[in-house]
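**Student:** mind looking at a prediction? Sequence and model below.
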Amino acid sequence: MTEGKPHVHEHAAGHSDVPSDLTLRVKALESLLVEKGLVDPAALDAIIDAYESKIGPRNGAKIVARAWIDPAFKQRLLNDATAAIAEMGYAGRQGEHMVAVENTSKVHNMVVCTLCSCYPWPVLGLPPVWYKSAPYRSRAVIDPRGVLREFGLELAPEVEVRVWDSTSEVRYLVLPERPAGTEGMGVEELVDLVTRDSMIGAEKLRAHVRGATP
Amino acid sequence: MNGIHDMGGMHGFGPVEREMNEPVFHAAWEARLFAIRHAMGAWGKWNIDGSRYSREIIPPAEYLRMSYYERWFAGLITQLIDASLVTSAEIEAGRASPGAPKATPPLSPGEVMKVLARSPSLRDVPVKAGFANGDRVCTRNMNPVGHTRLPRYARGKIGTICRDHGVHVFPDTSAHGLGEQPQHLYSVRFEARELWGAPAGKHEAVHLDLWESYLEHA
């Protein structure tokens, strides 16, 4: 499976002609739709801009950091995540019905969509290629510990793993554990610490992983 | 349908490969396609369930060969033709057929947040809940040829209701123009050993969101 990565290892040769072919086909489709008056190309630019510069995992990181320092907000987030997240100004497509699940020393939550690639866009942006890939979609439910091990996380056998398969329009946000050694940090510093993958439940945060993954 | 998209529990796809500092889109065509798909949604000709189904009917070998956005492209073409927004001859030619009417785009650049706004599946209709938190349920052994959100790995399995999400649009009918048939949607917990047998970890569980129609009392 290459899942859209132009430079992946397997099948790379067989795919060498694909990107330019799709470039042409999508361009042809766009000009057809514009010619028929079905889309306005400037609206397309605005949609792309929204997902490239406004809607991304920084939104989720702000929610997590606030939950760490504001116990009342954390409670609201766990009780009614849709409302608590809207309170922070985030709402929209693929985030209509939100549920937040909390990682602790005893329970580790991770999120997948085995049937397609459902993902909470308003708080995490568009999903990374690995989340949409066949290896993750197939294995997260049958071998979650094995997947986490590949991601560098070895969970103790007594830690309960809860996998959330996103089969409906409900979207899940993992509230990662606040790492030790961050007690003195301000909210901005905490936001910088929260990675996208920790909010999918694919990694655990440590005070020094800052910037390790997107 | 029992398609290749229903991947939960399959073996043989190899390790999960992460890409560091991944861009939002890997090529300009992916971004254009993503935007076209959302802008065309403003025509109101289809819903999310039908869109998912348009990708599920891609033949399995093709599905596996394609990247995520190639599947979007294939599904979008199917939907554009099915909705009579374009003809296959126009797709082939890359230009409008002679005499084709010219429309006015329903989505202006200043209004894009309209198509990116919430489109809830929750319905405010009184429907009785057949199950309550803590109830033990068995998922139906069903193999519909149409769209469904009950994955194969969770059919005929026993689980526990742990949350009632309220009354939601039912994808199995909504995808095929058969109405919303709103019904209760539950978070159901399945122990890994129930799904995968004894070798599975004792401290592992999978939660799925399942509609009333998928469930029976255990």
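**Tutor:** Received the coordinates, thanks. Residues are numbered from 1 along each chain as shown, chains lettered A, B, ... in the order given.
**Student:** centroid residue for chain B?
**Tutor:** The geometric centre of chain B, computed from its C-alpha atoms, lies nearest to B:Arg52 (Cα atoms, centre = their mean), at 4.1 Å.
**Student:** need the nearest residue in space to it, chain neighbours excluded.
**Tutor:** Nearest residue to B:Arg52, sequence neighbours excluded (Cβ to Cβ, 6 or more residues apart in numbering or on different chains): A:Cys116, at 5.6 Å. Every residue, glycine included, has its C-beta placed from N, CA and C.
**Student:** rewinding a little: pretty sure the residue nearest to the centre of chain B sits in a helix.
**Tutor:** Yes - B:Arg52: assigned to a helix according to DSSP: H, G, I helix; E, B strand; the rest coil.
**Student:** that one contacts B:Ala175, correct?
**Tutor:** Yes - between B:Arg52 and B:Ala175 there is a contact under Cβ atoms under 8 Å: 6.9 Å.
**Student:** rewinding a little: next, the residue nearest to B:Arg52: secondary structure please.
**Tutor:** Recorded secondary structure, A:Cys116: coil (three-state DSSP).
**Student:** report the contact partners of it.
**Tutor:** B:5, B:52, B:55 (Cβ atoms under 8 Å, 6 or more residues apart in numbering or on different chains).
**Student:** pipe the residues you listed into TSV and attach distance to B:Lys128 and pLDDT per row.
**Tutor:** Shown next, in TSV, are those (distance: Cβ to Cβ, whole Å; pLDDT from 0 to 100):
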residue	distance to B:Lys128	pLDDT
B:His5	32	98
B:Arg52	28	96
B:Arg55	34	96
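**Student:** got the domain boundaries for the chain?
**Tutor:** You didn't say which chain, so I picked chain A. Chain A is divided into the following domains under automatic domain parsing: A:13-52, A:56-200.
**Student:** not what I meant, chain B
**Tutor:** Annotated domains of chain B cover B:28-116, B:136-217 [automatic domain parsing].
**Student:** now the terminal residues of the shortest one, how far apart.
**Tutor:** What that stands for is domain B:136-217. 6 Å (Cα to Cα, to the nearest Å).
**Student:** before we move on, back to that, overlap in contacts, B:Arg52 and B:Ala175.
**Tutor:** Residues touching both B:Arg52 and B:Ala175 (Cβ under 8 Å, 6+ apart): B:His147.
**Student:** top strand in chain B by residue count?
**Tutor:** In terms of residue count, the longest strand belonging to chain B (DSSP state E) is strand B:158-168.
**Student:** mind listing what's buried along that strand?
**Tutor:** Residues B:159-161, B:165-168 are the ones in strand B:158-168 that count as buried (16 or more other Cβ atoms under 10 Å in any protein chain shown).
**Student:** C-terminal to it, which secondary structure element comes first?
**Tutor:** helix B:171-174 (DSSP states H and E).
**Student:** can you list the strands that the helix or strand that that following helix is followed by pairs with?
**Tutor:** Once the chain leaves helix B:171-174, the next helix or strand it forms, by DSSP H and E, is strand B:183-191. Sheet pairing of strand B:183-191 (DSSP bridges) gives strand B:158-168 (antiparallel), strand B:204-211 (antiparallel).
**Student:** next secondary structure after strand B:183-191?
**Tutor:** Using DSSP H and E, the helix or strand that follows strand B:183-191 in sequence is helix B:192-196.
**Student:** show me where chain B has helices.
**Tutor:** With DSSP state H, the ranges of helices along chain B come out as B:28-41, B:48-56, B:60-65, B:68-82, B:88-93, B:112-116, B:171-174, B:192-196.
**Student:** considering those helices, which stretch scores lowest in mean pLDDT?
**Tutor:** Per-stretch mean pLDDT for these is lowest at helix B:112-116 (a mean of 81).
**Student:** elements contacting that one?
**Tutor:** With contacts taken as 3 or more Cβ pairs under 8 Å, 6 or more residues apart in numbering or on different chains; DSSP states H and E, helix B:112-116 sits against helix A:41-49, helix B:28-41.
**Student:** from the ones you listed, which stretch is densest packed?
**Tutor:** Compared across the helices and strands packed on helix B:112-116, helix B:28-41 shows the largest average neighbour count, a mean of 22 (mean count of other Cβ atoms under 10 Å in any protein chain shown).
**Student:** now what about that helix, what contacts it?
**Tutor:** Identification of contacts with helix B:28-41 by Cβ under 8 Å, 6+ apart yields A:4, A:19, A:22-23, A:25-27, A:29-30, A:33, A:38-40, A:43-45, A:47-48, A:51-52, A:93, A:126, B:24-25, B:69, B:72-73, B:76, B:80, B:85, B:105, B:107, B:112, B:115-116.
**Student:** picking up where we left off before, could the domains of chain B be laid out in JSON lines, adding distance to A:Asp165?
**Tutor:** Shown next, in JSON lines, are those (distance: least, Cβ to Cβ, whole Å):
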{"stretch": "domain B:28-116", "distance to A:Asp165": "15"}
{"stretch": "domain B:136-217", "distance to A:Asp165": "5"}
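**Student:** out of these, flag the one nearest A:Val170.
**Tutor:** Each of the domains of chain B has some distance to A:Val170 by Cβ to Cβ; the shortest is domain B:136-217, at 5.2 Å.
**Student:** chain center to the closest one, what's the gap?
**Tutor:** Counting by Cα atoms, centre = their mean, to the nearest Å, domain B:136-217 is centred 14 Å from the centre of its parent chain.
**Student:** re the thing from before, need the CA coordinates for the longest strand of chain B. PDB is fine.
**Tutor:** In PDB, the C-alpha atoms belonging to strand B:158-168 read as follows (Å, rounded to 0.1, in the frame of the first residue of the first chain):
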ATOM      1  CA  ILE B 158     -21.500 -10.200  22.300                       C
ATOM      2  CA  GLY B 159     -20.800  -6.800  23.900                       C
ATOM      3  CA  THR B 160     -22.000  -4.300  26.500                       C
ATOM      4  CA  ILE B 161     -23.800  -1.000  25.900                       C
ATOM      5  CA  CYS B 162     -21.700   1.700  27.500                       C
ATOM      6  CA  ARG B 163     -23.200   4.900  26.100                       C
ATOM      7  CA  ASP B 164     -26.300   6.100  24.300                       C
ATOM      8  CA  HIS B 165     -25.300   8.700  21.700                       C
ATOM      9  CA  GLY B 166     -28.900   9.600  21.000                       C
ATOM     10  CA  VAL B 167     -30.900   9.200  17.800                       C
ATOM     11  CA  HIS B 168     -28.800   9.300  14.600                       C
END
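**Student:** so A:Pro57 makes contact with A:Met199?
**Tutor:** Yes - judged on Cβ under 8 Å, A:Pro57 makes contact with A:Met199 at a distance of 6.7 Å.
**Student:** so those two - more neighbours on which side?
**Tutor:** A:Met199 (27 against 22; other Cβ atoms under 10 Å in any protein chain shown).
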